[in-house]
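# pasting a predicted model and its sequence here:
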Amino acid sequence: MIRMVKGFRDILPEDVGLWQHVEKTARELFENFGFSEIRLPVLERTELFARGIGADTDIVEKEMYTFTDRGGDLLTLRPEATAGVVRAYIEHGFPANRPVQKLYTLGPMFRRERPQRGRFRQFSQINAEMLGVADPLADANVLLLLLTFLSRVGVTDATAHVNSLGCPDCRPAYKEKLSAFIRDRAGELCENCTRRAGTNPLRVLDCKSDNCARAVTDAPSITDHLCPACREHFDAVLSAIGTLGQKVVLDPRLVRGLDYYTRTTFEVRTNALGAQNAIAGGGRYDGLVELLGGPTTPGIGFAIGQDRLIEILAAQDKDYSLKPDVYLAWLGEKAKEKIFGWQVRLAMDGIRAETDLEGRSLKAHMKRAGKLGVRHVVVLGEEELARDEVLVRDMESSRQESLPVSEFLGYIHRLVGTR
Ligand code: HAM
């Protein structure tokens, strides 16, 4: 047997109902917020991610699925969606024609991380990106969209951690200060952090090793080093969120694993997932469009880890399975032919009717209907066929009634209409 690749997985039919519920809720809500769907390739030029995400990030350094194709192009399976959204934004001439874009996209991402609970090598994200708006109300809008979505879909214990990472005016001085602080504690850091202390000292704040966490306990905080413009922006974001009654946790230690962030950054965490506790992350990336070859354009967005979100919702024991509306049970070849026609007819009318074309006995049909959890079963046996009737049985109340065939389709419509 050929098995699937480690870190990849199948989503089976019995689980797909919940995935579809999440995606439907996202589409509806995102569109209410004025976002439009964009669909992007999963394969891009490696350079897009190396430049966009940052060459010395974990993603680019060690997690990308990169290969040279038969034509000699260096390509990568996308590890995230933001760089691709920005590439498309520039490539289709949006900056000149329609610079303000509110876009969302759903789909698989690929990172060769060590697989564990909540961490896969192919995982799905739901992304929203707002381009062309620098106003702090855009940050608040995007964050509120994220939190509204999570609560609408059924997440109850999510906490939004929010920080500002400053801008090219104020971050270098802060980085310098942090670097000096870290240099004094060099002996206490892990190998990775020692290497990155000079180039990317902020990453040290995010290191999961206990020693590194201890070493930076008293490190200077970025929010004490913001320039007046960044300070004002951050205060306006927090005030707009507060006005709408949304609670967030200010977390000056929050840094993100991608280099494009400026100013507002955030991560939504939950206690329900163990170590991989982030179900969503995002922030502002005002330099990214320019970095990827477009004009200076602000941007902000987030990505929700759909696999982690599904794990939380699946544990809530709610039934999202897509049950048929009716089951059509039959006995004898003649009845089977009629049932076959009705099944197609009902499907065309938007009613999910299930039958079993291999059904051997009425008992077997009833067993299958029970297994599928179908409430209404239509029985067409030899007796019913002779009388030109069907029997409709309510599996919940065990009540059943006979109906002339001519009335039965209308009857099913009325039944299912009140589903
Ligand atoms: P990220 O924090 O790298 O941000 O990923 C966002 C979310 O994707 C994470 O919070 C997590 O839920 C999920 N995720 C990441 N890696 C894995 C994995 N290996 N297995 C399962 N889930 C995973 C970004 O990707 C940014 N592009 C977000 C963004 C959009 N920022 C601005 N716009």
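Great, that's in hand.
# flag every buried residue along the helix or strand encompassing Leu137.
In this assignment (DSSP states H and E), Leu137 forms part of helix 136-153. Residues of helix 136-153 classed as buried: 136, 138-147, 149-150, 153 (neighbour count, 16 or more other CB atoms under 10 Å). (C-beta placed from N, C-alpha, C; glycine too.)
# give me the low-pLDDT residue ranges for this protein?
Counting by pLDDT under 70, the chain shows low-confidence ranges at 418-419.
# what does it put close to the ligand?
Within the chain, the positions adjacent to the ligand are 80-82, 111, 113, 118-120, 123, 125, 127, 129, 257-258, 278-283, 285, 301-303, 305, 307-308 by CB under 6 Å from any ligand atom.
# which segments of the chain make up each domain?
Split into domains by automatic domain parsing, the chain comes to 13-170+226-314, 326-412.
# any idea which of the ones you listed is most buried?
Highest mean neighbour count among the domains of the chain (mean count of other CB atoms under 10 Å): domain 13-170+226-314, with a mean of 18.
# now, which of the residues of the chain next to the ligand lie within helices?
In helices, judged by DSSP state H, the following of the residues of the chain next to the ligand are found: Thr82, Asp307, Arg308.
# where along the stretch 101-250 of the chain do the helices fall?
Shown for the stretch 101-250 of the chain, the helices assigned by DSSP state H, counting those that start in this stretch span residues 136-153, 171-183, 191-196, 202-205, 210-215, 228-243.
# in a markdown table: these, plus distance to Leu40.
Output for the helices of the stretch 101-250 of the chain, formatted as a markdown table (distance: least, CB to CB, whole Å):
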| stretch | distance to Leu40 |
| --- | --- |
| helix 136-153 | 19 |
| helix 171-183 | 29 |
| helix 191-196 | 30 |
| helix 202-205 | 27 |
| helix 210-215 | 35 |
| helix 228-243 | 28 |
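# for the residue in the chain that the ligand sits nearest to, give the beta-bridge partners.
In the chain, the residue that lies nearest the ligand is Gly305 (2.0 Å; CB to the nearest ligand atom). Gly305 has the following beta-bridge partners by DSSP bridges: Gln125.
# list the contacts of it.
Gly118, Phe123, Ser124, Gln125, Ala278, Ile279, Ala280 (CB atoms under 8 Å, 6 or more residues apart in numbering).
# regarding the protein, what is its longest helix?
Secondary structure of the chain read by DSSP H shows that its longest helix is helix 13-32.
# relative to helix 136-153, how tilted is that one?
Between helix 13-32 and helix 136-153, the angle comes out at 150 degrees (axes from the mean of the first three to the mean of the last three CA atoms, to 10 degrees).
# check contacts around Ser209.
Cys190, Cys193.
# check Val60 too.
Taking CB under 8 Å, 6+ apart, we find Val60 in contact with Phe49, Ala50, Ile53, Gly54.
# then the helix holding Leu137 to CSV, C-alphas only?
What follows is helix 136-153 as a C-alpha-only set of coordinates in CSV (Å, rounded to 0.1, in the frame of the first residue of the first chain):
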residue,chain,number,x,y,z
PRO,A,136,-5.6,52.9,12.2
LEU,A,137,-9.4,52.2,11.7
ALA,A,138,-8.3,49.7,9.1
ASP,A,139,-6.3,47.8,11.8
ALA,A,140,-9.3,47.9,14.1
ASN,A,141,-11.6,46.7,11.3
VAL,A,142,-9.4,43.8,10.4
LEU,A,143,-8.9,42.7,14.0
LEU,A,144,-12.6,43.0,14.7
LEU,A,145,-13.4,40.9,11.6
LEU,A,146,-11.1,38.2,12.9
LEU,A,147,-12.6,38.2,16.4
THR,A,148,-16.2,38.4,15.2
PHE,A,149,-15.5,35.4,12.9
LEU,A,150,-14.0,33.3,15.6
SER,A,151,-16.8,34.0,18.0
ARG,A,152,-19.5,33.4,15.3
VAL,A,153,-18.0,30.1,14.3
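# distance between that helix and the chain's centre?
14 Å (CA atoms, centre = their mean, to the nearest Å).
# residues in contact with it?
Outside helix 136-153, the residues within contact range by CB under 8 Å, 6+ apart are 21-22, 25-26, 29-30, 33, 35, 128, 130, 158, 160, 162, 233-234, 236-237, 240-241, 244, 246, 248, 263-264, 266, 268, 279-280, 282, 284, 298, 300-302, 304, 309, 313.
# now swap in stretch 82-89 and tell me
The contact list for stretch 82-89 (CB under 8 Å, 6+ apart) reads 38, 40-41, 44, 48-49, 52-53, 78, 95, 101, 103, 105, 127, 129, 131, 258, 260, 285, 288-289, 292, 294, 297, 299, 301, 303.
# pick out the most distant pair among the contacts of Gly305.
Spatially, the most separated pair among the contacts of Gly305 is Ser124 and Ala278, at 14.7 Å (CB to CB).
# can you tell me how far the closest residue to Glu290 other than its chain neighbours sits from Phe234?
Closest residue in space to Glu290, ignoring its immediate chain neighbours: Thr296 at 5.0 Å, by CB to CB, 6 or more residues apart in numbering. The gap separating Thr296 from Phe234 is 20 Å, by CB to CB, to the nearest Å.
# ditto for Val100
From Val100 to Phe234 the distance is 22 Å (CB to CB).
# again with Glu23
Glu23 sits 33 Å away from Phe234, going by CB to CB.
# would you agree Arg263 falls within a strand?
Yes - the assignment for Arg263 is a strand, going by DSSP: H, G, I helix; E, B strand; the rest coil.
# wait, it sits on Arg284?
Yes - Arg263 is within contact range of Arg284, at 4.4 Å (criterion: CB atoms under 8 Å).
# any idea which element Lys323 lies in?
When secondary structure is defined by DSSP H and E, Lys323 falls outside every helix and strand.
# give me the phi and psi angles of the nearest residue to it once chain neighbours are set aside.
Using CB to CB, 6+ apart and skipping the chain neighbours, the partner closest in space to Lys323 is Gly373 (5.2 Å). The phi/psi pair for Gly373 (degrees, to the nearest 10) reads phi 70, psi 30.
# any idea how far Tyr327 is from Gly373?
10 Å.
# and if you look at Gly359?
10 Å.
# which neighbours do the two share?
Joint contacts of Gly359 and Tyr327 (CB under 8 Å, 6+ apart) are His365, Arg368.
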